[in-house]
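Undergrad: got a structure for you, letters missing:
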Ligand SMILES: CC(C)(COP(=O)(O)OP(=O)(O)OC[C@H]1O[C@@H](n2cnc3c(N)ncnc32)[C@H](O)[C@@H]1OP(=O)(O)O)[C@@H](O)C(=O)NCCC(=O)NCCS
């Protein structure tokens, strides 16, 4: 059976946590004791977040995309709306290159379209830029600035 992409539900908290842990490991991070519980609790408590899961026909989690939903305050200059910060897009190594990353992004874009989201932002890994470009992402405006507590550039 082909993999499916679906909106994650509360029962998926540990699947989302396990995929996040795999991404951290791949990036060389040391696994902290109790991480799965801590992540699952935080993810369940975060109501302003949308998450899609990709899973194999046997239910094995293969990928995830998760984004924070920011609701704009009313403005006299701009229409009401929401925007997303995509914090993770991850597909397990054995499932890569088959279009699951693109399918997860497409599901998120459809959700955005149906839920009053007018902008989406993320920090792209260099190798993933072409994937985002194919999905319609462009480089941000020159006016975008950020501040970091550690002063890192
Ligand atoms: C990025 C990622 C989700 C893509 O998943 P996927 O199912 O292989 O994606 P698709 O099959 O739909 O598309 C393949 C595209 O993924 C990107 N990609 C391939 N390998 C990648 C890697 N190791 N890391 C990041 N992106 C990669 C490329 O843009 C590729 O397109 P290209 O062949 O034209 O260069 C997956 O490679 C991954 O989880 N990488 C590690 C985590 C990561 O880098 N996430 C993105 C952070 S912004």
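TA: All right, it came through fine. No experiment lies behind these values; they were computed from the predicted model shown.

Undergrad: name the residues of whichever strand or helix holds residue 109 that are buried.
TA: Using DSSP states H and E, the element containing residue 109 is helix 100-114. Buried residues in helix 100-114, defined by neighbour count with 16 or more other CB atoms under 10 Å: 100-101, 103-105, 107-109, 111-112. The C-beta positions use only the backbone N, C-alpha and C, and glycine is treated the same way.

Undergrad: from the residues you listed, pick the one nearest the ligand.
TA: residue 101 (2.6 Å; CB to the nearest ligand atom).

Undergrad: from residue 5, how far off is that closest one?
TA: 10 Å (CB to CB, to the nearest Å).

Undergrad: what touches both of those two?
TA: Residues within reach of residue 101 and of residue 5 at once, by CB atoms under 8 Å, 6 or more residues apart in numbering, are residue 63.

Undergrad: not counting sequence-adjacent ones, nearest residue to the residue nearest the centre of the chain?
TA: Central residue of the chain (CA atoms, centre = their mean): residue 66, 2.7 Å from the mean position. Nearest-residue entry for residue 66: residue 51, 4.1 Å, with adjacent residues in sequence omitted and distances by CB to CB, 6 or more residues apart in numbering.

Undergrad: residues in contact with the helix or strand hosting that neighbour?
TA: For residue 51, the host element (DSSP H and E) is strand 49-55. Residues from elsewhere that reach strand 49-55 (CB under 8 Å, 6+ apart): 3-8, 12, 15-16, 19, 43, 61-69, 84, 91, 95, 100, 103-104, 107-108, 111, 115.

Undergrad: also stretch 122-135?
TA: If you take CB under 8 Å, 6+ apart as the criterion, stretch 122-135 is touched by 85-87, 89, 101-102, 105-106, 109, 137.

Undergrad: low-confidence ranges in this structure?
TA: For the chain, applying pLDDT under 70 flags the ranges 152-153.

Undergrad: spell out which residues of it are next to the ligand.
TA: Residues of the chain that fall close to the ligand, judged by CB under 6 Å from any ligand atom: 23, 89-91, 96-102, 124-125, 127-128, 130-131.

Undergrad: pairing partners for the one helix or strand the residue nearest to the centre of the chain maps to, with directions?
TA: Under the criterion of DSSP H and E, residue 66 resides in strand 61-71. Applying DSSP bridges to the sheet, strand 61-71 is found paired with strand 49-55 (antiparallel), strand 82-91 (antiparallel).
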